[in-house]
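after the sequence you'll find the predicted model.
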Amino acid sequence: MRRNNLIKTSLATVLLAPAAAFAQVDTSDWKCEYCPFQKGYEAEIEAGGSYVNEDAARFGNGTGYDEKGGHVDLSGEGRSVSESGTEVTWYAEDLGLDSRVFELGFGKPGKFWLEFGYNELPYRRFGDTLTPFDVSGDTLALPAGWVRSGTTGGMTELAAALSPSNIEIDRQTLEVGADIRAVKNFRFYVDYRRQQRDGINIMGSPFYASSAYLPRPVDDYTDRFDAGVRYSNGAFNISLAYLGSFYTNDLGSLTWDNPFTGFPGTDQGRLALEPDNDFQQFTLSGSYRAQAWNTVVAFSIASGSGEQNMDLLPYTINPTIPAPLIQMADIQGKVDTSNYSFTVVTQPHERFNIRMTYRYDERDNKTPITQWTRVITDAVDSGDPESNIPYSFERDRMNVSGTFRLLDTVTVSGGYDRTDYNRTFSEVKSQTEDDGWGKLRWRPTPYLEATFKGGASAREVDDYDTAYGFEFGQNPLMRKYNLADRDREYAEVVLSASLIDTPLSIGMTYFWAEDDYYESEVGMTEAEENRYTVDFSWAVGERSSIYLNAGSDTIESVQIGSETFAGPLWEASHDDDFTHYGGGFRVGTESEKLDLTVDYTRSDGETEILFAGQAVAVEPLPDLESTMDSLRLMLEYNVSERFGLNFHARWERLEMEDWGLEGVEPDTISQVLTMGANPYDYDVWVFGVGFTYRMGNNSAE
């Protein structure tokens, strides 16, 4: 909660900065709280409790307020500086919640610094899901006496076997780091981070024509190491860095009971989960600032390698299918990466500057190509050998841009970007995209500014090889939107004003973009986006302010498809509309005794999908809709300089209409056993009270 308040205060400060410049501010009592000459110790502790009126998984996503009932609020921060300049800092936030944060630092600024950090982040997706499976490690078992059937309607024990299984994952992160600058011109640093996840996710388990949603367990962690040395001497600096990332999955595979009757030997299924893997990279980078034309030259060279050598599972656990011979014990996966960049920024004239950048990225997949015999969903031996596809690519990016101050109030700029792709094992082996843009900035007064930007890009492919898609049963006329020829046009207008002699600030933006996939006979053919925002703020006084904002984003797209390997047979138009508006105010007394902050936001989303053509259902798809209201209130009363009381309240209401979830119970779809998740629909209040105590004897010298 404390960090949210800090972010909120910082955001309000940024929004009101232009207007606040005209308010009369008395700086005589300003206090430097983090100056290097501060000595002694000071801390601020917040303690209290909160109450949540109902269970709501989505509301607890990232906050920890997912369960009804009381919660402990405990936060704070402190700082101690000794006479020798040694400093200790600590920070704590929401220690009583699943979103807790704790940070501890120790050292001498400019000499060395050691830090320790720990945080947790809850991911809550669904809190009303049900399953007949019992999760035990990497195995999902159905209860004794389970009656299999070809359809969910025939599973007579389903209702009795269902039990809650919330879809939620908790992430814990531990960080330890050191930064040493004891040697002149040199900086050494090393950081270690472990990120661990555990919980339950959703995964599909197809058995040819039937499938079940599984409560897939998650238990993995990633160890990351960052270390480096940096040398800096005036205009020149150079750095050498190491990055190591090591992923470990304690669940290498998942085995589950098949709830359906099916092919012989398919009472169980098994598949591999994410394998253990590692990635290591060395980077050399540096920059040099020359006095001539105020020029800066920077470069970066990086070389990395990732490996994956987990043992391969057998093709199938179906005892009725003779196990095909596996060619190797593991995949011997290896991917090498190379990244190079070079940048020059120069100012040949006081009114003119140029920026030039080149970047090269390569992903070289050295995994050997092997012939495999695929067993389809543990049910059918395909009998056909297939090869793995070690996808690789090279990407070149070149950018040139310049800015020219035409008049004291007018600045013009423009740029050109070019990106070239070369791929292996892809429908498009060679692809080029050119992007040109121009911008005009007009600032007739220090309080008024207008920016106009426009541009166009063209993506061209040398040839679209349909053979790769055809192997996977794709229509040879289909063009994937990220690989197809495309023309794009876009424009943006930004206006801002801080009214003179009035503490008012106004900002407006408008963005438009249009895409044309002119060579796509089947697939995405066109798209258009229109987006605008409006912001208003008023610095009523030194400690009081008001703000309002609103915005809208509309995305329209057209997709053409076919039920056969022929030309277009149907068309789908997608219309996504998103709007938001909100406002708030802050009122504080000059004596700093009382401070009241109120924020309200509302967001609406609607998606309309219209079909036309052959093989289209008579009944149109219902619209997808969502509405969220959010209200926050914070009241602080300082009884004295050291002791304060606070009250906070938060209200959030979310209503969604999603035909993909609404009314879909575990047995609604005859060939799919679902977990009965419902669209989000909650109305949550959080009330909290607490106190703040400030201690310490910091003094300035």
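Noted; the coordinates are in hand. Everything numeric here is computed off the predicted structure, so don't read it as measured data. Numbering: from 1, shown residues only.

quick one: the strands in the stretch 1-150 of the chain?
Under the criterion DSSP state E, counting those that start in this stretch, the stretch 1-150 of the chain contains strands at 38-52, 69-81, 87-93, 101-108, 112-126, 130-131, 134-136, 139-141.

what pairs with the second one, and is each one parallel or antiparallel?
So the one you mean is strand 69-81. Sheet pairing here is set by DSSP bridges, and for strand 69-81 it gives strand 38-52 (antiparallel), strand 87-93 (antiparallel).

quick one: contacts of that strand?
With Cβ atoms under 8 Å, 6 or more residues apart in numbering as the test, strand 69-81 has contacts from 1-2, 34, 38-52, 64-65, 87-97, 688, 690, 696, 698. In this view, the C-beta of every residue, glycine as well, is placed from N, C-alpha and C.

just the buried subset of those residues, please.
The neighbour-count test (16 or more other Cβ atoms under 10 Å) marks 1-2, 38, 42-46, 48, 50, 52, 64-65, 87, 89-94, 96-97, 688, 690, 698 as buried among the contacts of strand 69-81.

where is the longest strand in the protein?
Using DSSP state E to define each element, the chain has its longest strand at strand 210-233.

just after that one, pick out the following helix or strand.
Elements were assigned by DSSP states H and E; along the chain past strand 210-233, the next helix or strand is strand 236-249.

what distance separates that following strand from the centre of its chain?
22 Å (Cα atoms, centre = their mean, to the nearest Å).

quick one: that strand to strand 210-233, angle?
Orientation check (axes from the mean of the first three to the mean of the last three Cα atoms, to 10 degrees): strand 236-249 against strand 210-233 gives 160 degrees.

for strand 236-249, buried residues please.
N237, S239, A241, L243, G244, S245, Y247, T248, N249.

ok, stretch 252-264 next?
The neighbour-count check on stretch 252-264 (16+ other Cβ under 10 Å) flags L254, W256, D257, N258, P259, F260, T261, G262, F263 as buried.

farthest-separated two in those residues?
Greatest spacing in those, by Cβ to Cβ: L254 and T261 (21.2 Å).

name the spans of the stretch 501-650 of the chain whose pLDDT lies under the cut-off.
Residues of the stretch 501-650 of the chain meeting the criterion pLDDT under 70: 615-618.

how about the helices in it?
Shown for the stretch 501-650 of the chain, no helices are assigned by DSSP state H, counting those that start in this stretch.

burial of A612, as a residue count?
9 (other Cβ atoms under 10 Å).

that one against E571, yeah?
Yes: if you go by Cβ atoms under 8 Å, A612 and E571 touch, sitting 5.0 Å apart.

from the buried residues of stretch 252-264, which is closest to E157?
Checking the buried residues of stretch 252-264 against E157 by Cβ to Cβ gives P259 as the nearest, at 9.7 Å.

ok, now which ones touch that closest one?
P132, L142, W146, R148, M155, A212, L673 are the contacts of P259 under Cβ under 8 Å, 6+ apart.

now G244
D223, R224, F225, D278, F279, Q280, Q281.

switch to 6 Å and redo it
Contact partners of G244, counting by Cβ atoms under 6 Å, 6 or more residues apart in numbering, are F225, Q280.

among the contacts of P259, name the buried ones.
Neighbour counting with 16+ other Cβ under 10 Å marks P132, L142, W146, M155, A212, L673 as buried within the contacts of P259.

okay, these in TSV with pLDDT next?
Formatted as TSV, the buried ones among the contacts of P259 follow (pLDDT from 0 to 100):
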residue	pLDDT
P132	98
L142	97
W146	96
M155	96
A212	96
L673	97
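
adding distance to V540, write these out as JSON lines.
Shown next, in JSON lines, are these (distance: Cβ to Cβ, whole Å):
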{"residue": "P132", "distance to V540": "60"}
{"residue": "L142", "distance to V540": "64"}
{"residue": "W146", "distance to V540": "67"}
{"residue": "M155", "distance to V540": "64"}
{"residue": "A212", "distance to V540": "59"}
{"residue": "L673", "distance to V540": "59"}
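
out of the residues you listed, which is nearest to A456?
Distance to A456 across those (Cβ to Cβ) is lowest for A212, with 48.7 Å.

and the closest residue to F59 other than its chain neighbours, how many neighbours does it have?
Leaving aside its sequence neighbours, F59 sits nearest to V684 (Cβ to Cβ, 6 or more residues apart in numbering; 4.9 Å). The number of residues packed near V684 is 20, by other Cβ under 10 Å.

packing partners of the helix or strand hosting V684?
V684 is part of strand 681-696, with elements assigned from DSSP H and E. Under the contact criterion of 3 or more Cβ pairs under 6 Å, 6 or more residues apart in numbering; DSSP states H and E, strand 681-696 touches strand 38-52, strand 643-657.

if we use 8 Å, what do you get?
Helices and strands touching strand 681-696, by 3 or more Cβ pairs under 8 Å, 6 or more residues apart in numbering; DSSP states H and E, are strand 38-52, strand 69-81, strand 643-657.

got the buried residues for the longest strand of the chain?
210-218, 220-224, 227-230, 232.

likewise for stretch 155-164?
Those would be M155, E157, L158, A161, L162, for stretch 155-164 by 16+ other Cβ under 10 Å.

want to throw these into TSV with distance to T509 and secondary structure?
Putting these into TSV (distance: Cβ to Cβ, whole Å; DSSP: H, G, I helix; E, B strand; the rest coil) gives the following:
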residue	distance to T509	secondary structure
M155	54	coil
E157	58	coil
L158	53	helix
A161	54	helix
L162	49	coil
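
leaving out chain neighbours, which residue sits closest to D465?
Among residues not flanking D465 along the chain, E427 sits closest, at 5.3 Å (Cβ to Cβ, 6+ apart).

next, count neighbours for the one you found.
20.

okay, now the sheet partners of the strand holding V684, with direction.
Partners of strand 681-696 in its sheet, by DSSP bridges: strand 38-52 (antiparallel), strand 643-657 (antiparallel).

tell me the buried residues in that strand?
So for strand 681-696, counting by 16+ other Cβ under 10 Å, buried means Y682, V684, V686, G688, G690, T692, R694.

quick one: contacts of it?
The contact list for strand 681-696 (Cβ under 8 Å, 6+ apart) reads 1, 40-54, 56, 58-59, 65, 73, 78, 636, 641-656.

name the stretch from the strands paired with strand 69-81 where average model confidence is lowest.
For those, the weakest mean pLDDT is recorded on strand 38-52, namely a mean of 93.

off-centre distance for that one?
Relative to its chain's centre, strand 38-52 lies at 30 Å (Cα atoms, centre = their mean).

and for stretch 496-513?
Using Cα atoms, centre = their mean, the offset of stretch 496-513 from its chain centre is 29 Å.

next one: stretch 582-602
30 Å.

how many residues are close by the closest residue to M356 other than its chain neighbours?
Residue nearest to M356 in three dimensions, not counting chain neighbours: V344, with 4.8 Å by Cβ to Cβ, 6+ apart. Residues within reach of V344, counting by other Cβ under 10 Å, total 15.

so where does V344 fall, helix or strand?
Going by DSSP H and E, V344 is in strand 333-349.

just checking, what packs against that strand?
If you count contacts as 3+ Cβ pairs under 8 Å, 6+ apart, strand 333-349 packs onto strand 295-308, strand 352-365.

am I right that F425 is in contact with I389?
Yes: contact criterion Cβ under 8 Å: F425 and I389 qualify, at 4.6 Å.

for stretch 313-326, measure first residue to last.
9 Å (Cα to Cα, to the nearest Å).

could you redo the helices and strands packed on strand 681-696 as CSV and give each row distance to S457?
Putting those into CSV (distance: least, Cβ to Cβ, whole Å) gives the following:
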stretch, distance to S457
strand 38-52, 48
strand 69-81, 47
strand 643-657, 35
